[in-house]
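K.L.:
fold the following for me, if possible:
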Amino acid sequence: MSIGYLALVLHAHLPYVRHPESDYVLEEEWLHEAIIETYIPLINVFEGLKRDGVDFKITMSMTPPLVSMLSDRLLQERFDEHLTQLESLIELEIDRHAQNGHMKYLAEYYAKEFHQVRQTWERYGGNLVGAFKQFMDSNNLEIITCGATHGYLPLMKMYPQAVWAQLKVAAESYEEHFGRSPNGIWLPECAYYEGLERMVADAGIRYFLTDGHGLLYARPRPRFGTYAPIFTESGTAAFGRDHESSQQVWSSEVGYPGASEYREFYRDLGWDAEYEYIKPYIMPNGQRKNVGIKYHKITGKGLGLSDKALYDPYWAREKAADHASNFMYNRERQVEHLYGIMGRKPIIVSPYDAELFGHWWYEGPWFIDYLCRKSWYDQGTYDMTHLADYLRENPTQQVCKPSQSSWGYKGFHEYWLNTTNSWIYPHLHKAAERMIELAKQEPADELEWRALNQAAREVLLAQSSDWAFIMRTGTMVPYAVRRTRSHLMRFNKLRDDILQGKIDSGWLEKVEAIDNIFPNVNYRVYRPL
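P.N.:
Next up, the predicted model:
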């Protein structure tokens, strides 16, 4: 008889990056890399668990931008081309290292891996959303939603209609792709402000995730801290992140991904190989980039990239199994301790970015595989659960008001509002204000209806928290700036054309083809609540 629950929650999200107007845009490879290194490996793990009779339970958000990109025919074709190029490169690598035993072993390992990716991709006809949905249908995976474009909701709260549009469009998009309403929502960046729970409830969503201190500083103080959800006065449940289990995976100092046996993320063949050799596989303008083939391991702290030793997947897999055992052992002790204090079953909510597993931490999918298997076979202290099942089994919880919070730096809004990105917010606020006014209009004809809906798409895309995040991290900043400006400029032109009754149908058609997310969006979602 178990005395607690472990809820592994994966947040699968990428910003909406799709450029049919260009033959090559580097940022589209964010999706390609995530498919190869995270999404297909997770599907393969889930298939293996099901095949072997392990009744695993995991919660996973799939954000509307990610679902839209995975479902997009153009991006599917471009991924296929990207994978074909990788398969071609690795065959050259096998020949190039024919006389070097370890390097040949690694090249053959990657060839086998890319072949497995190809098999899974073709088995589902490129429909990875359908692949994940089958595990939702078997109640192993609880797929939840997020904000429509991952907008940072606390910084929109002065325009409730803009917050409502992020929630409502997300719920409608989810229903279109998964055939039912979402039970839960991963609040973008786990960012909560007081009153948001009412809109979440009005959108028909049963629960949301926020950061741990959103519960720890709730009013009244929750009796069980983050180890039980709370109910808000609107009836929605709030789950808080467990700091202890999060740190074991996330921390650069004590977290698992820093082990010396694991693959080094920052050393890549795209930078190591001779230029003329690698030139056909890097950017068309001749600039080097990561190609996704990495031959070295982390090796040890304090070493430069040139000092890294060669990677060995065998020992890395062994280390992933050790870490899964350690994680399980620590959760058992944590659950036993908490159960003794609480006198009821605690729930340990362990949320992570899905892309950590496979992309940033290459061995992450192996860790999840081992953790699910070991939890199923080797212990009886806790049950792995997803959040919808937990609420069905535990329908009574304390009622509290959560505290404003996020899972960013210092736990509030500083990462998304600082000197690097504060310039965007006056423009975003003005666009939201203007969209709310536009939403009061009734279209004169089909063309104006399309223009109003496209205006709504442009506001949503401009609001993505990813652009502010990228500006703060200092990587790919020109792209984030360009995206923010382009969506705002398109919105302003649409607004001017609508108000003047002079819509440029040819230009509108081009913009609809480029920013084609949410094909069924209804601009009236911005009407005053």
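K.L.:
from here on, contacts and neighbour counts on C-alpha atoms
P.N.:
Will do.
K.L.:
show the pLDDT at residue 170.
P.N.:
pLDDT, residue 170: 98.
K.L.:
what of residue 252?
P.N.:
Confidence at residue 252, expressed as pLDDT, is 63.
K.L.:
same question for residue 306.
P.N.:
pLDDT at residue 306 comes out at 88.
K.L.:
packing partners of the worst-scoring helix or strand of the chain on mean pLDDT?
P.N.:
Within the chain, confidence by mean pLDDT, DSSP states H and E is lowest for helix 243-250 among all helices and strands, at a mean of 87. If contacts are counted by 3 or more Cα pairs under 8 Å, 6 or more residues apart in numbering; DSSP states H and E, helix 243-250 sits against helix 313-342, strand 347-353.
K.L.:
those into JSON lines, with extra columns for distance to residue 254?
P.N.:
Below are these laid out as JSON lines (distance: least, Cα to Cα, whole Å):
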{"stretch": "helix 313-342", "distance to residue 254": "12"}
{"stretch": "strand 347-353", "distance to residue 254": "16"}
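K.L.:
out of the ones you listed, nearest to residue 115?
P.N.:
Closest approach to residue 115 among the helices and strands packed on helix 243-250 is made by helix 313-342 (16.5 Å; Cα to Cα).
K.L.:
which strands and helices sit next to the closest one?
P.N.:
So helix 313-342, by 3+ Cα pairs under 8 Å, 6+ apart, packs with strand 4-12, helix 243-250, helix 364-377.
K.L.:
avg pLDDT for that helix?
P.N.:
In this model, helix 313-342 carries a mean pLDDT of 98.
K.L.:
how about that helix: buried residues?
P.N.:
For helix 313-342, a neighbour-count test (16 or more other Cα atoms under 10 Å) marks 313, 316-317, 319-325, 327-328, 331-332, 334-336, 338-339 as buried.
K.L.:
surely residue 410 is within a helix?
P.N.:
Yes. Using DSSP: H, G, I helix; E, B strand; the rest coil, the assignment for residue 410 is a helix.
K.L.:
now the strands for the stretch 151-300 of the chain?
P.N.:
184-186, 207-210, 230-231, 237-240 (DSSP state E, counting those that start in this stretch).
K.L.:
can you add distance to residue 421 and give those strands back as CSV?
P.N.:
Shown next, in CSV, are the strands of the stretch 151-300 of the chain (distance: least, Cα to Cα, whole Å):
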stretch, distance to residue 421
strand 184-186, 23
strand 207-210, 23
strand 230-231, 34
strand 237-240, 28
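K.L.:
show me what stretch 138-145 is in contact with.
P.N.:
55-64, 132-133, 135-136, 170-171, 174, 182-186, 386-388 (Cα atoms under 8 Å, 6 or more residues apart in numbering).
K.L.:
span of that stretch from start to end?
P.N.:
Using Cα to Cα, to the nearest Å, the end-to-end distance of stretch 138-145 comes to 18 Å.
K.L.:
mean confidence for it?
P.N.:
98.
K.L.:
report the buried residues of that stretch.
P.N.:
For stretch 138-145, by 16+ other Cα under 10 Å, it's 139-145.
K.L.:
same check, this time on stretch 428-437
P.N.:
Quick answer for stretch 428-437 (16+ other Cα under 10 Å): 428-429, 431-436.
K.L.:
now swap in stretch 293-305 and tell me
P.N.:
Buried, per 16+ other Cα under 10 Å, within stretch 293-305: 293-299.
K.L.:
could I have it exported to PDB, CA atoms only?
P.N.:
Provided in PDB are the C-alpha atoms of stretch 293-305 (Å, rounded to 0.1, in the frame of the first residue of the first chain):
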ATOM      1  CA  ILE A 293      26.600  15.100 -33.700                       C
ATOM      2  CA  LYS A 294      28.600  15.400 -30.500                       C
ATOM      3  CA  TYR A 295      31.500  13.000 -29.700                       C
ATOM      4  CA  HIS A 296      32.600  14.200 -26.300                       C
ATOM      5  CA  LYS A 297      31.500  13.900 -22.700                       C
ATOM      6  CA  ILE A 298      31.500  16.500 -19.900                       C
ATOM      7  CA  THR A 299      34.600  14.800 -18.500                       C
ATOM      8  CA  GLY A 300      35.200  17.000 -15.500                       C
ATOM      9  CA  LYS A 301      34.700  20.500 -14.100                       C
ATOM     10  CA  GLY A 302      37.000  23.300 -15.100                       C
ATOM     11  CA  LEU A 303      38.100  21.800 -18.400                       C
ATOM     12  CA  GLY A 304      37.900  23.700 -21.600                       C
ATOM     13  CA  LEU A 305      36.000  22.300 -24.600                       C
END
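K.L.:
that older thread, between the buried residues of stretch 293-305, which is closest to residue 166?
P.N.:
Nearest to residue 166 among these, with distances taken as Cα to Cα, is residue 293, at 37.4 Å.
K.L.:
please report the distance of residue 93 from residue 310.
P.N.:
15 Å.
K.L.:
what of residue 454?
P.N.:
From residue 454 to residue 310 the distance is 50 Å (Cα to Cα).
K.L.:
also residue 297?
P.N.:
From residue 297 to residue 310 the distance is 6 Å (Cα to Cα).
K.L.:
with residue 80 instead?
P.N.:
Distance from residue 80 to residue 310, by Cα to Cα: 29 Å.
K.L.:
could you report the neighbour count for the nearest residue to residue 355 once chain neighbours are set aside?
P.N.:
Excluding the flanking residues, the one nearest residue 355 by Cα to Cα, 6 or more residues apart in numbering is residue 38, at 5.9 Å. Look at residue 38: counted by other Cα atoms under 10 Å, it has 25 neighbours.
K.L.:
what do you get for residue 447?
P.N.:
Residue 447, neighbours per other Cα under 10 Å, totals 15.
K.L.:
contact partners for it?
P.N.:
Residue 447 neighbours (Cα under 8 Å, 6+ apart): 503, 505.
K.L.:
what about it, which helix or strand?
P.N.:
Per DSSP states H and E, residue 447 falls inside helix 446-462.
K.L.:
tell me where the model's unsure across this structure.
P.N.:
Low-confidence segments of the chain (pLDDT under 70): 252.
K.L.:
what about 50?
P.N.:
Of all residues in the chain, none has pLDDT under 50.
K.L.:
outline the domain layout of it.
P.N.:
Domains of the chain are assigned by automatic domain parsing as 4-17+35-70+127-145+182-255+313-410, 418-526.
K.L.:
I figured residue 236 was touching residue 203, is that so?
P.N.:
No. Residue 236 lies out of contact with residue 203 (Cα atoms under 8 Å); the separation is 10.7 Å.
K.L.:
between these two, which one's more packed in?
P.N.:
residue 236 (22 against 19).
K.L.:
what's near enough to touch that one?
P.N.:
Per Cα under 8 Å, 6+ apart, neighbours of residue 236: 197, 200-201, 205-208.
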